[in-house]
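Visitor: missing the sequence, but the structure's below:
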Ligand SMILES: Cc1cc2nc3c(=O)[nH]c(=O)nc-3n(C[C@H](O)[C@H](O)[C@H](O)COP(=O)(O)OP(=O)(O)OC[C@H]3O[C@@H](n4cnc5c(N)ncnc54)[C@H](O)[C@@H]3O)c2cc1C
């Protein structure tokens, strides 16, 4: 199975990828596999599977990645975090993932467990993704490694400039590609990307895009992630909040245009956060591919 860096290195056009999360129920598992089946008809370049913050689904991430590789021959990335684990536990998990033939890893610090205000390093563990990635490289596990990045700044960083300086250290530690947190204002991404390039980060930076499927979702992204939204989008969607078909049409239109503009700006691809739903992600990528599959 291809490494993600090879995919970006050899792509003749935009690279399209989808992100899934490991479900907690058997019904969720069935739904996910249906979603993967539907989206596979769009021939995505790769997919990724997140790592459960709470722990209950963590083992499932690598299982789903292997299953997608086996059943659909789509390269897949296994997400991984260092929350609540010391070096020996991390090494054991990484060796198990590698022994399953998985070579693409999204290496993240992770968020503090629920109820714990700020991230605290586990004794014998790591304080941030830079330390985790240095460790993975020092163990010669031969992963292609992705990292997260934050166009609107990571909440723990004092300034965007500080965050980008840390990002440089993370890339120097051995990160092969970066996937961004969701954002809705392209000029924010552009400003971030300019800073990233200015400090000498040269790896692919892939915009992470979330289709908007409800108005309450906007409120959630605003309050949890502090996302900025174009006021014209809020106005347009608020007008049709209770007309699902028109809401869908307008939000789809917004996301397709957002992606087109990003690709025109030189983004190497689009990474869609699917929330394990196929409908919107399918329509967006089909539109971006010009309806031709
Ligand atoms: C694309 C994407 C996918 C994600 N997938 C998952 C997932 O599957 N599971 C999950 O639980 N969470 C996931 N997350 C969320 C992520 O775990 C949180 O956002 C977490 O708070 C930060 O993780 P990180 O690896 O980006 O952090 P880091 O890169 O470690 O950054 C966290 C903070 O540490 C600082 N920092 C980084 N390196 C240094 C350094 N060398 N010195 C000093 N400070 C430093 C940064 O500036 C920042 O303020 C994902 C995020 C993104 C963007």
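Guide: Here it is on my side, so go on. These numbers come from a predicted model, not from an experiment. Numbers count the residues shown, from 1 in each chain.

Visitor: apart from its chain neighbours, what residue comes closest to residue 153?
Guide: Distances taken as Cβ to Cβ, 6 or more residues apart in numbering place residue 160 nearest to residue 153, at 4.5 Å, with adjacent residues excluded. Every C-beta, even on glycine, is put in place using the N, C-alpha and C of the backbone.

Visitor: so where is this structure shaky, pLDDT-wise?
Guide: Confidence mapping of the chain against pLDDT under 70 gives the ranges 54-55, 291-293.

Visitor: hey, which helix is longest across the chain?
Guide: The single longest helix within the chain, with elements called by DSSP state H, is helix 244-264.

Visitor: mind giving me the packing neighbours of that one?
Guide: Applying 3 or more Cβ pairs under 8 Å, 6 or more residues apart in numbering; DSSP states H and E, we find helix 244-264 packed against helix 186-198, strand 208-209, helix 231-239, strand 269-273, helix 279-288.

Visitor: and these: which comes nearest the ligand?
Guide: Smallest distance to the ligand across those (Cβ to the nearest ligand atom): 5.0 Å, for strand 208-209.

Visitor: ok, is the closest one in contact with the ligand or not?
Guide: Yes. Residues of strand 208-209 contacting the ligand under Cβ under 6 Å from any ligand atom: residue 208.

Visitor: next helix or strand past that strand?
Guide: helix 215-225 (DSSP states H and E).

Visitor: elements contacting that following helix?
Guide: Partner elements for helix 215-225 (3+ Cβ pairs under 8 Å, 6+ apart): helix 231-239.

Visitor: list the buried residues in the helix it packs on.
Guide: Within helix 231-239, the residues that count as buried by 16 or more other Cβ atoms under 10 Å are 233, 236-237.

Visitor: report the angle between it and helix 244-264.
Guide: Counting by axes from the mean of the first three to the mean of the last three Cα atoms, to 10 degrees, helix 231-239 lies at 160 degrees to helix 244-264.

Visitor: next, the angle helix 215-225 makes with helix 231-239.
Guide: Here the directions of helix 231-239 and helix 215-225 differ by 140 degrees (the same axes, to 10 degrees).

Visitor: so what secondary structure elements neighbour helix 231-239?
Guide: For helix 231-239, the packing partners by 3+ Cβ pairs under 8 Å, 6+ apart are helix 215-225, helix 244-264.

Visitor: thought the residue nearest to residue 153 was touching residue 154?
Guide: No. With contact defined as Cβ atoms under 8 Å, residue 160 and residue 154 do not form a contacting pair (9.2 Å).

Visitor: ok so residue 127 is a strand residue?
Guide: No. Membership of residue 127 in a strand is not supported by DSSP: H, G, I helix; E, B strand; the rest coil, which gives coil.

Visitor: distance of the residue nearest to residue 153 from the ligand?
Guide: Look at residue 160 and the ligand: by Cβ to the nearest ligand atom, to the nearest Å, they are 10 Å apart.

Visitor: and the residue nearest to residue 250 when sequence neighbours are not counted, how close does it get to residue 273?
Guide: Closest residue to residue 250 apart from its sequence neighbours, by Cβ to Cβ, 6+ apart: residue 236 at 5.3 Å. Applying Cβ to Cβ, to the nearest Å, the value for residue 236 to residue 273 is 21 Å.

Visitor: now residue 92
Guide: For residue 92, the distance to residue 273 - Cβ to Cβ - is 29 Å.

Visitor: between these two, who's got more neighbours?
Guide: Using other Cβ atoms under 10 Å as the criterion, residue 92 and residue 273 rank with residue 273 on top: 19 against 11.

Visitor: could you give the bridge partners of that one?
Guide: According to DSSP bridges, the partner residues bridging residue 273 are residue 19.

Visitor: pretty sure it is touching residue 21, no?
Guide: No. The pair residue 273 / residue 21 is not scored as a contact, 9.1 Å apart, by Cβ under 8 Å.

Visitor: quick one: the helices in the stretch 51-200 of the chain, in order.
Guide: Secondary structure of the stretch 51-200 of the chain, counting by DSSP state H, counting those that start in this stretch: helices at 58-72, 87-99, 129-138, 160-172, 186-198.

Visitor: out of these, which is the most enclosed?
Guide: helix 129-138 (a mean of 21; mean count of other Cβ atoms under 10 Å).
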